[in-house]
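Undergrad: how would this look folded up:
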Amino acid sequence: MKTTLKQGRIDMYAIISVGNRQYKVTQDQEFLTEKTGKNAGESFDAKVLLFSESSNKVHIGQPELKTARVSLKVLEDVKGDKIHAYVYKRRKNYQKAWGHRQQLQKVKVVSLSAV
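TA: Purely as a prediction, here's the structure:
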């Protein structure tokens, strides 16, 4: 599946696995992921590359591509949206409310290299 933009085509994309989730990424793309254990400004490689397409060549990993690399850089730590939960028991004067904000990281794809 190719995406065309006004500037031109996105020639290369990959499907990577970061933090137990899979993402479709292109060069210089920014996306949110769960905390990776890296600090802001640090770079790391997504070693598990599941699928890569570049210049009409498709590479499928079984289960991963060994030679392809995706370098990622952590831009900042952010929090997700607040989720509110509330439970009560009728006629028993019992109620409980709580909230949760997921810890996320904003990550940028620095380099994307195929096989």
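Undergrad: show me what the residue positioned nearest the centre of the chain is bridged to.
TA: The residue lying closest to the centre of the chain (Cα atoms, centre = their mean) is Thr33, at 4.4 Å. Beta-bridge partners recorded for Thr33 (DSSP bridges): Gln105.
Undergrad: surely Tyr86 touches Tyr94?
TA: No - look at Tyr86 against Tyr94 with Cβ atoms under 8 Å: they stay out of range, at 11.7 Å. Backbone N, C-alpha and C define where each C-beta goes, glycine included.
Undergrad: what pLDDT does Ile10 get?
TA: On pLDDT, Ile10 comes in at 61.
Undergrad: go on, the one 5 residues further on?
TA: Residue-level confidence at Ile15 comes out at 88, pLDDT.
Undergrad: and it, how far is that from Ala68?
TA: Counting by Cβ to Cβ, to the nearest Å, the gap from Ile15 to Ala68 is 11 Å.
Undergrad: out of the two, which sits in the more crowded spot?
TA: Ala68 (21 against 17; other Cβ atoms under 10 Å).
Undergrad: got the contact list for the more buried one?
TA: 14, 49, 52, 59, 61, 113-115 (Cβ atoms under 8 Å, 6 or more residues apart in numbering).
Undergrad: now the buried members of those.
TA: By neighbour count, with 16 or more other Cβ atoms under 10 Å, the contacts of Ala68 hold 14, 49, 52, 59, 61, 114 as buried.
Undergrad: so the residue nearest to the centre of the chain sits against Gln105, correct?
TA: Yes - using Cβ under 8 Å, Thr33 is in contact with Gln105, at 5.8 Å.
Undergrad: please identify the helix or strand for the nearest residue to Gln95 once chain neighbours are set aside.
TA: In space, and not counting its chain neighbours, Gln95 is closest to Tyr88: 4.0 Å by Cβ to Cβ, 6 or more residues apart in numbering. Assessed by DSSP states H and E, Tyr88 sits inside strand 83-89.
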